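Visitor: Generate coordinates for the sequence data below:
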Amino acid sequence: MPDSGGSEALLASVVDVGSNTVLLLTLGVRPDGRASARDTALATTRLAAGLRDGQPLDGGARARTRDAVMEMARRARSLGARSIWAFATGAARRASDGRAFAAQLARDAGCSVEVLSGEQEAALAYAAVRHALGGDDAILLTVDIGGATTELTLGRGDAVEGMLSLPIGALALTERGGDTAGLVDAALATTELPALARARGAAVLASGGTATALAALDLGLAAYDSARVHGHALAVGGLAALAARAHRAAEGVLDPGRARVLPAGACVLERVARAAGVTTVRASDHGVRHAYLRQRLANAGVDADLRALWD
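Guide: As a prediction, the model looks like this:
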């Protein structure tokens, strides 16, 4: 996406090596700290395909993911990005060779690749959504649904009251099959966060591909539009019906790889929302990659404001 003009201090990029998709975000940051999206990209590589805890990654999934990461790093450099960072999430955490694969990616793509813990991922998802959509006094339960895991964080402002990572990702549940709702409910039974969110009257905000895909479907978009998706309110009672339409939209607004796993992801979001006692969920286009890039820029002395990326 082209920048809207004005002097820029730098271009910086982040590559999110997820369990189902690889995502690129390149920002231009002006001297006043205001950031704008210069480029975004998505590749469905299914890194977690067939993965079981403690087992190695599938060879084909490794190759697809390596190719995607290298292409996104090349793409970022071609735009003039001064800094490129990357991180990996659930699949890299779960696999016996996940950290070795991250090290290989770092060598091949020429950028650092950090393997995030579940807690780090949850904290970053909360930071991204709070920065983009949450007020200082709002009590929020953020839900970040990935391919291998789902992260929940409850907090108000900078104060985080609880966070965890659950093994109920959209790709993992799709591959497992069977009673998806039962699997999700069993995982949620291990935590009190949704019940605590209900008691506190928390709003539920969702990031990740499931939430943004459902918002795009609900809006009837012919092509994905970050600005329209961001902040869109989804009726919890309609999530399953939206997901059921995914296969018909696979050639349009949705990537076919997302359409395949969307029913399972929608089930996760619905069960979390119902446990938290809400009837609507707001979708956030800002996710872990946004907070990670903002954090890395802050470490480099750049205070970037990402709240108006598409202006």
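Visitor: mind listing what the residue nearest the centre of the chain touches?
Guide: The chain has Gly208 as the residue nearest its centroid, 3.2 Å off, counting by CA atoms, centre = their mean. Going by CB atoms under 8 Å, 6 or more residues apart in numbering, Gly208 touches 125, 143-146, 265, 287. For every residue, glycine as well, the C-beta is placed using N, CA and C.
Visitor: Apply 6 Å and report the result again.
Guide: Going by CB atoms under 6 Å, 6 or more residues apart in numbering, Gly208 touches 144-146, 287.
Visitor: what's the pLDDT at it?
Guide: At Gly208, the predicted lDDT confidence score is 93.
Visitor: now do Ser4
Guide: Confidence score, pLDDT, at Ser4: 39.
Visitor: re earlier: top of the contacts of Gly208 by number of neighbours, please.
Guide: Ranked by neighbour count (other CB atoms under 10 Å), the contacts of Gly208 have Gly146 at the top, with 32 neighbours.
Visitor: any idea how far the nearest residue to that residue once chain neighbours are set aside is from Ala187?
Guide: Nearest residue to Gly146, sequence neighbours excluded (CB to CB, 6 or more residues apart in numbering): Gly169, at 5.0 Å. For Gly169, the distance to Ala187 (CB to CB, to the nearest Å) stands at 10 Å.
Visitor: So which of the two has more stuff around it?
Guide: Between Gly169 and Ala187, counting by other CB under 10 Å, Gly169 is the more crowded of the two (31 against 18).
Visitor: if I pick the more buried one, what's in contact with it?
Guide: Applying CB under 6 Å, 6+ apart to Gly169 gives the contacts 19, 146-149.
Visitor: are any of those buried, and which?
Guide: By neighbour count, with 16 or more other CB atoms under 10 Å, the contacts of Gly169 hold 19, 146-149 as buried.
Visitor: dump the residue contacts of Ser112.
Guide: 85, 106.
Visitor: swap the cut-off to 8 Å and go again
Guide: With CB under 8 Å, 6+ apart, Ser112 has these contacts: 85-86, 106.
Visitor: just to revisit the earlier point, can you list the contacts of Gly208 in JSON lines and add pLDDT, distance to Leu79 and secondary structure?
Guide: Shown next, in JSON lines, are the contacts of Gly208 (pLDDT from 0 to 100; distance: CB to CB, whole Å; DSSP: H, G, I helix; E, B strand; the rest coil):
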{"residue": "Asp144", "pLDDT": "97", "distance to Leu79": "27", "secondary structure": "strand"}
{"residue": "Ile145", "pLDDT": "97", "distance to Leu79": "29", "secondary structure": "strand"}
{"residue": "Gly146", "pLDDT": "94", "distance to Leu79": "26", "secondary structure": "coil"}
{"residue": "Gly287", "pLDDT": "96", "distance to Leu79": "21", "secondary structure": "coil"}
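Visitor: Closest one to Ala81 out of these, please.
Guide: Distances from Ala81 to these, taken as CB to CB, are shortest for Gly287 (19.3 Å).
Visitor: Quick check: phi and psi at that closest one.
Guide: phi -140, psi -160 (degrees, to the nearest 10).
Visitor: now the one 10 residues further on
Guide: Note on Leu297: its backbone torsions stand at phi -60, psi -40 [degrees, to the nearest 10].
Visitor: tell me the pLDDT at it?
Guide: The per-residue pLDDT of Leu297 was computed as 95.
Visitor: contacting residues for the nearest residue to it once chain neighbours are set aside?
Guide: Closest residue to Leu297 apart from its sequence neighbours, by CB to CB, 6+ apart: Ala304 at 4.8 Å. Ala304 makes contact with 27, 29, 33-35, 293-294, 297-298 under the criterion CB under 8 Å, 6+ apart.
Visitor: Just the buried residues from those, in ChimeraX please.
Guide: Here is the ChimeraX command that selects only those of the contacts of Ala304 that count as buried (16+ other CB under 10 Å):
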select :27,29,34,35,293,294,297
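Visitor: distance of the residue nearest to Gly146 from Tyr224?
Guide: In terms of CB to CB, Gly169 sits 21 Å off from Tyr224.
Visitor: Show the subsequent helix or strand relative to the helix or strand harbouring Leu171.
Guide: Element membership for Leu171, per DSSP states H and E: helix 170-176. Toward the C-terminus, helix 170-176 is succeeded by helix 180-188 as the next helix or strand (DSSP H and E).
Visitor: Show me what that next one is in contact with.
Guide: In this structure, residues lying in contact with helix 180-188 by CB under 8 Å, 6+ apart are 150, 166-168, 173, 176, 194, 263-264, 267-268, 271-272, 275.
Visitor: Now the closest residue to Leu234 other than its chain neighbours: which helix or strand?
Guide: With sequence-adjacent residues excluded and distances taken as CB to CB, 6+ apart, Leu234 is closest to Val281, at 5.0 Å. If you go by DSSP H and E, Val281 is part of strand 280-284.
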